[in-house]
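1. I need the structure of the sequence given here:
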Amino acid sequence: MERENQQAIYSKVVRAGKRTYFFDVKSTKGNDLYLTVTESKKTTEDGRENFEKHKIFLYKEDFDKFQNGLEDVITKIKEMKAAYESPTIQHVSSMAGSFTFEEL
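-> So this is what the prediction gives:
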């Protein structure tokens, strides 16, 4: 479990619109490194600004699997985005509404 007064060994802040992501490398009592990823989202309730936070803890035994999964998903998103933005796909998609299955 994380100690409240624990200092991060390394931190990276990524600002993305209304969200900010914090990547903090920390150390356990046994000097094992782990990563916390915190999403902080600015919200407004009753005219007051609040910050909604979500945090995940990633431990060393999961680093490789997490990285592989994240890289796989990002690669897939880029492939899908490229296919969607392809002029051929857009042209076919725009024509799709003008055909019925019987006509094909």
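2. just so I have it, where are all the strands in the protein?
-> Taking DSSP state E, the strands of the chain run over residues 10-16, 19-27, 33-45, 48-59.
3. Out of these, which one sits most buried?
-> Of the strands of the chain, the one with the most neighbours on average (mean count of other C-beta atoms under 10 Å) is strand 19-27, at a mean of 15. Backbone N, C-alpha and C define where each C-beta goes, glycine included.
4. for it, the distance to its chain's centre please.
-> 12 Å (C-alpha atoms, centre = their mean, to the nearest Å).
5. do the same with stretch 34-48
-> Offset of stretch 34-48 from its chain centre (C-alpha atoms, centre = their mean): 14 Å.
6. cool, stretch 29-43 as well?
-> Distance, centroid of stretch 29-43 to centroid of chain: 14 Å (C-alpha atoms, centre = their mean).
7. before we move on, the earlier item: reformat the strands of the chain as a markdown table; add mean pLDDT and distance to residue 67.
-> A markdown table is the format used below for the strands of the chain (pLDDT from 0 to 100; distance: least, C-beta to C-beta, whole Å):
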| stretch | mean pLDDT | distance to residue 67 |
| --- | --- | --- |
| strand 10-16 | 96 | 15 |
| strand 19-27 | 96 | 13 |
| strand 33-45 | 93 | 10 |
| strand 48-59 | 94 | 10 |
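8. Compare the ones you listed and report which one is nearest to residue 81.
-> strand 10-16 (17.2 Å; C-beta to C-beta).
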